[in-house]
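Chemist: requesting a structural model of the entry that follows:
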Amino acid sequence: MSEYVNSLLAQVKAKNPSEPEFHQAVQEVAESLELVLERHPEYRHAKILERMVEPERVVMFRVPWMDDQGEVHINRGFRIQMNSAIGPYKGGLRFHPSVNLGILKFLAFEQVFKNSLTSLPMGGGKGGSDFDPKGKSDNEVMRFCQSFMTELFRHIGPETDVPAGDIGVGGREIGYLFGQYKRLTREFSGVLTGKGLTWGGSLIRPEATGFGVVYFAEEMLKSRGQTIAGKTVAVSGFGNVAWGAVTKVNQMGGKVVTLSGPDGFIYDKEGVKGEKLDYMLELRASSKDRVKDYADKFKVEFYPGKHPWGVKVDVALPCATQNELDENDAKELVKNGCKCVTEGANMPTTIEGFKVFNAAGILFAPGKASNAGGVATSGLEMSQNSMRFPWSKEEVDRRLHEIMQNIHRTCVETAERFGTPGNYVNGANIGGFLKVANAMLDQGLV
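Modeler: Got it, this is the predicted structure:
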């Protein structure tokens, strides 16, 4: 790394201690951008990257709520408004015990580049709470969401900041949040995405991230004269992203043989399809956070406490969470002949894991490019809300497919332009950066 990048990373770590995920995200981007900063000193002179790693605004607040037994609980709420150079802040809300400032800053930083790559006018943000909706009654979740929105509403709006769902925030939570926002503002607006279909939501939004991941993987494979059809695929996770990915792999003629959860992973050599795919929805709704139930129901192999990356597959789609695929996992995939790794989660591969794939010449796509289908469809929901007109499932899917093809094209062409052909990480980081950086230059010192 150059002296400039080393200095930047040292500053980021000094100003943001105990935030390893944020440090990792900044390092990955900064290493790619060395290629740009050499050619364009104007970005260094204006300290664009220094400005991009500093959120425009961080909102942190307490969220008191009462459980069904009358006991008061206090959680912490956040909203990171990272960058609004190309549009209103856009990014999900995550309700999970692991939520903290560092994780949300990493997610918001990634979101800036991801949203830029979609070509839609959306800035980057992220938010959430350390509240855990699992095991809570509907009334408890409602009371929490109403308390959360009672503070958040003053910081968001359809032209300011448009949150969406994420881990722990599905249709139920979005409904309660939207209802409270509407009560407080007396507005029925497109302030949240992931809404119900009868009140402003978009078709295929729940499965959009997974669909986009598979569309992107297909474009990657096409670059080497191959397709998803006939390929064996490993998927991690079993939530919305994994469900969408499995659905689309089946539609395109591939076979998914793994799913995973915090308890381990299942190996289904016959493929996750038919009633097994439908059962994924039951797993997701059960709040049990385990995949062993799938193994018990369908009499397939279960590997407790392990990730699925030791299975021999053609394509790997990590769709669970950050840093779930490390250097040793990457070596196993390479050894077993994996041809393509396409990230469905946010930063699920460690930097060391990426280096293994890069050295082996494996097709590898970072999440900021390949999992952009979710936020792209949220952007399409925003467009439908603005027009007060819904599109058909086919129309939304067509537009999503087109957006993912355009992101792939941007990554490939940008990587080639900056001397690293085939490097999707550089292509995504640089492609996302240039649009935001030029907008920041145009808008002055903001």
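
Chemist: now do the same end-to-end measure for stretch 245-261.
Modeler: Distance across stretch 245-261, first residue to last, is 16 Å (Cα to Cα, to the nearest Å).

Chemist: mind listing what's buried along that stretch?
Modeler: By neighbour count on 16 or more other Cβ atoms under 10 Å, the buried set for stretch 245-261 is 245-250, 252, 254-261. Backbone N, C-alpha and C define where each C-beta goes, glycine included.

Chemist: and of those residues, the nearest to residue 74?
Modeler: For the buried residues of stretch 245-261, the minimum distance to residue 74 (Cβ to Cβ) is 29.1 Å, reached by residue 261.

Chemist: select the longest helix from this structure.
Modeler: For the chain, the helix with the greatest residue count under DSSP state H is helix 393-417.

Chemist: check which residues of that one are buried.
Modeler: 396-397, 399-401, 403-404, 407-408, 410-412, 414-415.

Chemist: next secondary structure element downstream of it?
Modeler: Scanning forward in sequence from helix 393-417 by DSSP states H and E, the next helix or strand is helix 424-443.

Chemist: what helices or strands is that next one leaning on?
Modeler: Where contact means 3 or more Cβ pairs under 8 Å, 6 or more residues apart in numbering; DSSP states H and E, helix 424-443 is packed against helix 20-39, helix 41-45, helix 48-52, helix 101-117, strand 363-365, helix 367-370, helix 393-417.

Chemist: by contact count, what packs against the shortest one?
Modeler: On a contact count with 3+ Cβ pairs under 8 Å, 6+ apart, strand 363-365 meets helix 208-222, strand 340-342, helix 351-360, helix 424-443.

Chemist: related to what we said a few turns ago, make CSV out of the helices and strands packed on helix 424-443 and add distance to residue 221.
Modeler: Formatted as CSV, the helices and strands packed on helix 424-443 follow (distance: least, Cβ to Cβ, whole Å):
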stretch, distance to residue 221
helix 20-39, 23
helix 41-45, 34
helix 48-52, 32
helix 101-117, 20
strand 363-365, 7
helix 367-370, 12
helix 393-417, 11
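
Chemist: tell me which of those lies nearest to residue 440.
Modeler: Closest approach to residue 440 among the helices and strands packed on helix 424-443 is made by helix 48-52 (5.7 Å; Cβ to Cβ).

Chemist: can you tell me the closest non-neighbouring residue to residue 116?
Modeler: residue 432 (4.2 Å; Cβ to Cβ, 6 or more residues apart in numbering).

Chemist: ok, back up a step: average pLDDT across the longest helix of the chain?
Modeler: Helix 393-417 comes out with an average pLDDT of 97.

Chemist: just stretch 245-255 next, same as before
Modeler: 98.

Chemist: just give me how far that stretch sits from the chain centre.
Modeler: Put simply, stretch 245-255 sits 20 Å off its chain's centre (Cα atoms, centre = their mean, to the nearest Å).

Chemist: got it, and stretch 2-22?
Modeler: Between the centre of stretch 2-22 and the centre of its chain there are 23 Å (Cα atoms, centre = their mean).

Chemist: got the contact list for that stretch?
Modeler: Here stretch 2-22 makes contact (Cβ atoms under 8 Å, 6 or more residues apart in numbering) with 1, 23, 26-27, 30-31, 33-34, 37, 44, 49-50, 53, 101-103, 105-106, 109, 322-323, 347.

Chemist: ChimeraX command for the buried members of these?
Modeler: Command for ChimeraX, covering only those of these found buried under the criterion 16+ other Cβ under 10 Å:
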select :23,26,27,30,31,33,37,44,49,53,101,102,103,105,106,109,322,323,347
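
Chemist: related to what we said a few turns ago, could you identify which of the helices and strands packed on strand 363-365 is most buried?
Modeler: Most buried of the helices and strands packed on strand 363-365, by mean neighbour count (mean count of other Cβ atoms under 10 Å): strand 340-342, with a mean of 29.

Chemist: and the most centrally placed residue in the chain, what are its phi and psi?
Modeler: Closest to where the C-alpha atoms of the chain average out (Cα atoms, centre = their mean) is residue 346, at 4.5 Å. Main-chain dihedrals, residue 346, degrees, to the nearest 10: phi -90, psi 120.

Chemist: my guess is it meets residue 371, correct?
Modeler: Yes - contact criterion Cβ atoms under 8 Å: residue 346 and residue 371 qualify, at 6.9 Å.

Chemist: for residue 390, what are its contacts?
Modeler: 197, 202, 203, 384.

Chemist: specify the local secondary structure of the third one.
Modeler: It refers to residue 203. Judged by DSSP: H, G, I helix; E, B strand; the rest coil, the three-state class of residue 203 is coil.

Chemist: next, count neighbours for it.
Modeler: 20 (other Cβ atoms under 10 Å).

Chemist: excluding sequence neighbours, find me the nearest residue to it.
Modeler: residue 393 (4.3 Å).

Chemist: which residues touch the residue nearest to residue 349 when sequence neighbours are not counted?
Modeler: Spatial nearest neighbour of residue 349, excluding adjacent residues (Cβ to Cβ, 6+ apart): residue 325 at 4.6 Å. Residue 325 sits next to 236, 307, 309, 316, 318, 341, 348, 349, 350, 353 when contact means Cβ under 8 Å, 6+ apart.

Chemist: now tabulate these in TSV and tack on distance to residue 129 and pLDDT.
Modeler: As requested, the contacts of residue 325 are exported to TSV (distance: Cβ to Cβ, whole Å; pLDDT from 0 to 100):
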residue	distance to residue 129	pLDDT
236	25	98
307	27	96
309	31	98
316	31	98
318	25	98
341	31	98
348	22	97
349	27	97
350	27	96
353	30	97
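
Chemist: now, which of those lie within helices?
Modeler: Per DSSP H, helices hold the following members of the contacts of residue 325: residue 353.

Chemist: which element is residue 233 on?
Modeler: Here residue 233 is assigned to strand 232-235, by DSSP H and E.

Chemist: in the longest strand anywhere in the chain, what counts as buried?
Modeler: For the chain, the longest strand by residue count, based on DSSP state E, is strand 72-83. For strand 72-83, a neighbour-count test (16+ other Cβ under 10 Å) marks 75, 77, 78, 79, 80, 81, 82, 83 as buried.

Chemist: residues in a beta bridge with the first one, which ones?
Modeler: In other words, residue 75. residue 63 (DSSP bridges).
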